[in-house]
Structures are given as structure tokens and as C-alpha cells.
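In: The sequence isn't on hand, but the structure is:
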């Protein structure tokens, strides 16, 4: 995004970077990264150079580096990158600030991954196509792109969901709401309350606006971006399922490949 207008996604993550790991402590990244490694091994990649797009505070990037990949992590938020770079083991990962829609010249890579919602923050299919082209531009020929994307069923459930997580010094409230932009999508409001003395509380609120991209549209946009979809899996109750069901599954995990005959960046 150009000009002086702040990117709302960057702004939200810059403001919550310091507490991000606490906000996501319920997420089992060992399992999550294990699913990605399984798909990379199953479908094969030309080498071990990997880029984690939307790497956040490095929770996946550091695990991937410890499992034998040469990892670069790229995130839109400078504050998230700063937090990632300060973690133990960060010297094994190259962390960069960059936009998924227009990636820096950091490759070439054998594998690109996005874990979580980076693609669902894109506002429309034009941005999704630009991101696919950008990913293809940093991949070697025959390189893999493994990513997840939210399903219609997940959004339907999210819009009716509220949860509260309480700890001695913090309270986190997640509230799903219907998207004002897209009937098939939903947004998420997160309110984080923290106290240092048990008396005075500070509140940090962020709104996460998501988009829905139907499976057929994703496959078509991959092709127009220089990538070919080779497999799609459903994520249901933490397990990968061959094929995907838009109502049942939490996410759809997609494996795409760059044309082996394409020139190397």
C-alpha cells in the first residue's frame, strides 16, 4: 500500500507485537509446522531454502530452521520482525520486512509457506493474484508454495463465536462478527486487557478483517500468477484430510508448484 495511508494489517500487528505470543499461546505450532513439513516432504521440493511469508514473531520460522531448512522470514510488520529477531535461535533465520503483494528480492527459494491468515487479510482477488505472482517470482523452477486459507464454514462459525481467556495478569476476549464487506466472510475483534499491579488495567483492541476466496477462484488465480495447484487438503480437528470440504473443515491447505521450465529468478 503506498502513500501516507497506514496499512491496517501492519498497524494492528505493530500494536500487538509485544503480546502476540501470549495472544496465540493456545496455538500448537509444533503440530502446525509438522503438517507443513509433511506436505513439503510428500510433494517434494528442489532444495531446502525456504521462505516463511507472514512470519510474525518467528514461531514457525524458528521451528522450520531447527528441522533443517535454511529459512528466511518476511513480515509486513516491522515490530513483529523485531520481536522475532530477538528470540533465541534467531541467528539461524534471516528476518526481513516485506509485503506479500510485492516481495523483496530475497530469493530464490525452493519452498514458500504461509501459515495462518496472511492470504485472508488480502482485500480482494486482485491482491491475491498479485501475491501469487510475487511468490512465483521468488521461487526456483519446480519450487513449492504451501499455504492455508480459511473456509466458508469457518467464517460461518466465527461470526457466531465469542471466547474469553483469563490469566492472573491478562484477559483476552475474541469476538467474531459478520463481515461488512463480504457476505461469505467474517471479522475478528480482539480485546486484550493486561495489568502489572492488579489494579490498573490497559486495553489493546484490534480488528482483523478477513476475506473469503472460493477454491475454484484460488486455483484459477494461482495459474494466472504462474503457479499450478497440485493438491488440496482439508484441516479438520487438527488432521489433514485428502480433498477438502468448505463447510466441515477449519482450513484448506493448498500445495502449488512453479513451472519447472520457468526461468530462475
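Out: Perfect, I can see it now. In this text, all values refer to a predicted model and were calculated from it rather than measured experimentally.
In: Run through the stretch 51-200 of the chain and note the low-pLDDT ranges.
Out: Along the stretch 51-200 of the chain, no part satisfies pLDDT under 70.
In: What segments of this structure are helices?
Out: Here the chain has its helices, by DSSP state H, at 8-16, 20-23, 29-43, 59-66, 78-85, 125-138, 152-158, 215-224.
In: quick one: which of those helices is nearest residue 261?
Out: Closest of those to residue 261 is helix 125-138, at 13.0 Å (criterion: C-beta to C-beta). (Glycine included, C-beta is placed from N, CA and C.)
In: what angle sits between that closest one and helix 215-224?
Out: Helix 125-138 and helix 215-224 meet at an angle of 40 degrees, taking axes from the mean of the first three to the mean of the last three C-alpha atoms, to 10 degrees as the criterion.
In: Could you give me the buried positions within helix 125-138?
Out: Across helix 125-138, burial judged by 16 or more other C-beta atoms under 10 Å covers 125, 127-138.
In: wait, which of those residues is closest to residue 95?
Out: Closest to residue 95, out of all of the buried residues of helix 125-138 and judged by C-beta to C-beta, is residue 138, at 15.5 Å.
In: For residue 150, see how far away that closest one is.
Out: Counting by C-beta to C-beta, to the nearest Å, the separation of residue 138 from residue 150 is 24 Å.
In: can you check residue 84 too?
Out: 24 Å.
In: residues making contact with stretch 8-20?
Out: 23, 56-57, 75-80, 82-83, 121, 170, 190, 192, 194, 204, 206-209 (C-beta atoms under 8 Å, 6 or more residues apart in numbering).
In: Buried residues in that stretch, which are they?
Out: Buried-residue list, stretch 8-20, by 16+ other C-beta under 10 Å: 9-10, 12-17, 20.
In: Could you report the distance from residue 222 to residue 8?
Out: Taken as C-beta to C-beta, the span from residue 222 to residue 8 is 26 Å.
In: and if you look at residue 56?
Out: 16 Å.
In: Enumerate every residue touching residue 59.
Out: Residue 59 touches 21, 24, 27, 29, counting by C-beta under 8 Å, 6+ apart.
In: one more time with 6 Å, if that's ok
Out: Applying C-beta atoms under 6 Å, 6 or more residues apart in numbering, we find residue 59 in contact with residue 29.
In: please begin residue numbering at 13 from this point
Out: Sounds good: first residue 13 from here, last item residue 71.
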